[in-house]
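**Q** Have a look; sequence and predicted model below, questions after that.
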Amino acid sequence: AQKVTQAQTEISVVEKEDVTLDCVYETRDTTYYLFWYKQPPSGELVFLIRRNSFDEQNEISGRYSWNFQKSTSSFNFTITASQVVDSAVYFCALSPWSSASKIIFGSGTRLSIRP
Amino acid sequence: EAQVTQNPRYLITVTGKKLTVTCSQNMNHEYMSWYRQDPGLGLRQIYYSMNVEVTDKGDVPEGYKVSRKEKRNFPLILESPSPNQTSLYFCATWGDRVTEAFFGQGTRLTVV
């Protein structure tokens, strides 16, 4: 099976707290891409990051960081010092090399940041 | 500027009245695809096309049709919409591999 699991349906934290969104994936491919997308209340999908399966280096972009671990098939996303503008639905997604025709999405995590 | 244009953004229609959601891309990409987004289910693929006149079913194709007569356009057709097709729809496009996918702004469809 090729799938993405985001077990956290909803998370609510107070502003300035750190928060981690979990993503676990399954694929039989050795080459694949992983993505995170943000969907703000306005509804569009905003691309955040792409990772290929050969690059396990963690990535940091401002308050955002991503932890890719092939050993546990996880690609977790951490927001440090969260802000109200981070409130959105976040999707993790997988594109296996053998399946150029699709992106497989997780069910999403709704993140609410309370002032 | 890379663009995927979907129209309309919002649509309310009645059961059984045929409708078309248009999608156009300006990147000369081979692949185009339609997804629907429903609460708790994420985005699920409806149909995809890997080039002109080549289309295939995704995971939830029932009740939908597509066509790819030109490389840039990939309309989604609901011949007889039903309330269970009320959803948020996205058109997406990418090159020969999904190293970067581009999404339209979404079409929020309500079928009453």
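**A** Yes, it's here. Residues are numbered from 1 along each chain as shown, chains lettered A, B, ... in the order given.

**Q** Dump the C-alpha coordinates for the helix or strand encompassing residue B:88 into CSV.
**A** Using DSSP states H and E, residue B:88 sits within strand B:87-94. Taking Å, rounded to 0.1, in the frame of the first residue of the first chain, the C-alpha atoms of strand B:87-94 are listed here in CSV:
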residue,chain,number,x,y,z
SER,B,87,-16.9,19.3,-2.2
LEU,B,88,-13.9,21.5,-2.8
TYR,B,89,-12.2,20.7,-6.1
PHE,B,90,-8.6,21.3,-7.1
CYS,B,91,-7.0,21.1,-10.4
ALA,B,92,-3.3,20.3,-10.4
THR,B,93,-0.5,20.1,-12.9
TRP,B,94,3.1,18.8,-13.0
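
**Q** Beyond that strand, next helix or strand please.
**A** Downstream of strand B:87-94, the first helix or strand assigned by DSSP H and E is strand B:102-103.

**Q** hmm, back to that, quick one: mean pLDDT for the strand holding residue B:88?
**A** Mean per-residue pLDDT for strand B:87-94: 96.

**Q** got the CA positions of stretch A:23-30 in CSV?
**A** Coordinates of each C-alpha in stretch A:23-30 appear next as CSV, following Å, rounded to 0.1, in the frame of the first residue of the first chain:
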residue,chain,number,x,y,z
CYS,A,23,3.2,12.5,9.2
VAL,A,24,3.8,8.8,8.6
TYR,A,25,4.0,7.4,5.1
GLU,A,26,4.1,4.0,3.4
THR,A,27,5.6,3.2,0.0
ARG,A,28,7.2,0.3,-1.7
ASP,A,29,9.4,2.7,-3.8
THR,A,30,12.9,3.5,-2.8
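
**Q** starting at the chain centroid, how far to that stretch?
**A** Centroid separation for stretch A:23-30 versus its chain: 14 Å, with CA atoms, centre = their mean, to the nearest Å.

**Q** and it, which residues are buried?
**A** By neighbour count with 16 or more other CB atoms under 10 Å in any protein chain shown, stretch A:23-30 contains the buried residues A:23-25, A:27. C-beta: built from backbone N, CA, C; applies to glycine.
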